[in-house]
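Student: got a predicted model here, sequence first, then my questions.
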Amino acid sequence: MATPSKKDQLFLGSFIHSTKLDELTYLHNAAVFVDAQGKIVHVERDCDEQRAREALVPRLGWGAGEDELVVVRGGGTGEFFFPGFVDTHLHASQYPNVGIFGKSTLLDWLNTYTFPLEASLSDQAKARKVYSRVIRKTLSHGTTCAAYYATVDVPSTNLLADLCLSYGQRALVGRVCMDQLAPSYYRDESPAASLAATRESIAYIESIDPSRSLIRPVLTPRFAPSCSAPLMRGLGDLAAEMPHLPIQTHISENKNEIALVAELFPKASTGAADDSYAGVYDAFGLLTDRTILAHGVHLSESEATLIASRKAKVSHCPCSNSAITSGAARVRWLLEKGVVCGLGTDMSGGYSPSVLEAARLAALVSRHVAMGGDEKAKLSVEEVLYLATRGGAEVVGLEDRVGGFEVGMDWDAQLVGLGVVDPLGEGVVDDQEDGNVDVFGWETWPDLVAKWVYNGDDRNTKKVWVKGRLVHERK
Ligand SMILES: O=c1[nH]c(=O)c2nc[nH]c2[nH]1
């Protein structure tokens, strides 16, 4: 369980964060002051511990005694603080299936692997085991904020919210709505039953964190094919009734799925301007500035324009899009259309719990798009890290709270430590536990960050904080 800080905290060392899509800002020999509520109250450049303690701590009105102030030093070679990652799309309930997808594609994957597992989590003991594990695993990879799908089951969805709160992970938690095209053992009985269960789960989640300091509910129509028109309409009405609620769903992941949507929701039935997938969500009031659309692999020009005009966001899921052969999303094209994008691990369509891996795969998939003829599609290290932090924060509607190291933001952060090769020149890494990244000492800081993105993993995630609480420490 998370260790509450309850004390003021002083972080010393190197701090790296995104300030623009293609720019990382490096603060070396700096100090970040975080109050007992977990908020960043001051950032000082060129500041050693003595100056921080003697000049700045008193100015903040803080005590400097051991029982009043926690000091975290992160200034070793290859060590830096980085904002926590935001995973904008993952299915907590599918975590036991990571890596298990064979040669399936979306629609057969859902029926073969996914629905049976999700249904089985109405067993509370099993749900507790799975949800505890996925929260702890993602925290250990530096994910400080996650937009989770749970299942249709209300008690186990509520349990996921309880567990996020107790482990200290910031989260959006959604009860899955689906009343058609799923096995009878795993779907809502009717639109009315789906809406009632959704309201019940929202009320519970709001009751455990009324100020939404960490946990909030999210409206979750699974995807258009599994929601009837009356359910879609009811969810659109609920979205209008509760304008603070985010909405998450899937869009244009797979070509057969898109054909199914056009068949199920012809424009004559919805009143939409066309038969497009985005048009269906729009017709039901579900395409809003609070909407997180996962995938968006095969969107048309007019859909991207519509999404941008509604200020809906896209969660790019390169691991899942590759694993279940959905396709290569054109992130540069979406960004140039003005669509805000973040990254999703999309477990278990995606096989990895790591947003760092998603960043790496976003870089690689963008190179495949470039090899298809669009040279400017390539995403840089800076850009994928932006998507993993600031972009993700905007996707989940928390851009004022997390994603960077600005005064007023919460301290959602990770301490990264890269493996340092023996300074005596024996070519020996100090500690095998330090992982795949070998720092020789002559790299520039941008080179170190690139080595982390392309070769790093959870062995480099030394400590993780959410809202100032230490929520993971690598022993
Ligand atoms: O990647 C995906 N995972 C899912 O669980 C899902 N459901 C609908 N569409 C989906 N896509």
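Tutor: That came in fine, so what should we check first? What you see is a predicted model, and the numbers here were worked out from it, not measured in a lab.
Student: okay, CA-based contacts and neighbour counts for the rest of this
Tutor: Noted.
Student: from Asp438, how far off is Ala450?
Tutor: From Ala450 across to Asp438, the span is 12 Å (Cα to Cα, to the nearest Å).
Student: more neighbours: those two, which one.
Tutor: Taking neighbours as other Cα atoms under 10 Å, Ala450 and Asp438 compare with Asp438 leading, 22 against 16.
Student: test my guess that that one contacts Gly419.
Tutor: Yes: between Asp438 and Gly419 there is a contact at 5.0 Å, judged by Cα atoms under 8 Å.
Student: can you pull out the strands in the stretch 301-450 of the chain?
Tutor: Counting by DSSP state E, counting those that start in this stretch, residue ranges of the strands within the stretch 301-450 of the chain are 313-316, 341-343, 413-417, 419-420, 438-439.
Student: worst mean pLDDT among those?
Tutor: Ranked by mean pLDDT, the strands of the stretch 301-450 of the chain end with strand 419-420 in last place, scoring a mean of 88.
Student: quick one: strands adjacent to that one?
Tutor: Within its sheet, strand 419-420 is paired with strand 438-439 (parallel), according to DSSP bridges.
Student: so which residues make contact with the strand it pairs with?
Tutor: 78, 418-421, 429, 448 (Cα atoms under 8 Å, 6 or more residues apart in numbering).
Student: in JSON lines: those residues, plus distance to the ligand and neighbour count.
Tutor: What follows is these, written out as JSON lines (distance: Cα to the nearest ligand atom, whole Å; neighbours: other Cα atoms under 10 Å):
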{"residue": "Gly78", "distance to the ligand": "36", "neighbour count": "23"}
{"residue": "Leu418", "distance to the ligand": "32", "neighbour count": "26"}
{"residue": "Gly419", "distance to the ligand": "34", "neighbour count": "23"}
{"residue": "Val420", "distance to the ligand": "38", "neighbour count": "23"}
{"residue": "Val421", "distance to the ligand": "40", "neighbour count": "18"}
{"residue": "Val429", "distance to the ligand": "39", "neighbour count": "20"}
{"residue": "Leu448", "distance to the ligand": "32", "neighbour count": "19"}
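Student: now do the closest residue in space to His42 that isn't next to it in sequence against the ligand, distance only.
Tutor: Using Cα to Cα, 6 or more residues apart in numbering and skipping residues adjacent in sequence, the residue nearest His42 is Phe33, 5.1 Å away. Separation of Phe33 from the ligand (Cα to the nearest ligand atom, to the nearest Å): 40 Å.
Student: next, count neighbours for Phe33.
Tutor: 24.
Student: got it, and Leu343?
Tutor: 33.
Student: again with Arg136
Tutor: By other Cα under 10 Å, the burial measure for Arg136, its neighbour count, is 19.
Student: check which helix or strand covers Val152.
Tutor: Following DSSP states H and E, there is no helix or strand that holds Val152.
Student: which non-adjacent residue is nearest it?
Tutor: Nearest to Val152 is Val176, by Cα to Cα, 6+ apart, at 4.7 Å.
Student: which phi and psi does the one you found have?
Tutor: phi -80, psi 130 (degrees, to the nearest 10).
Student: residue contacts, it?
Tutor: Going by Cα under 8 Å, 6+ apart, Val176 touches 149-153, 220-222.
Student: and those, which is closest to the ligand?
Tutor: The closest of the contacts of Val176 to the ligand turns out to be Arg222 (Cα to the nearest ligand atom; 5.5 Å).
Student: pairing partners for the residue nearest to the spatial centre of the chain in the sheet, please.
Tutor: In the chain, the residue lying closest to the centroid (Cα atoms, centre = their mean) is Asp87, at 1.1 Å. On the basis of DSSP bridges, Asp87 is bridged to Ala146.
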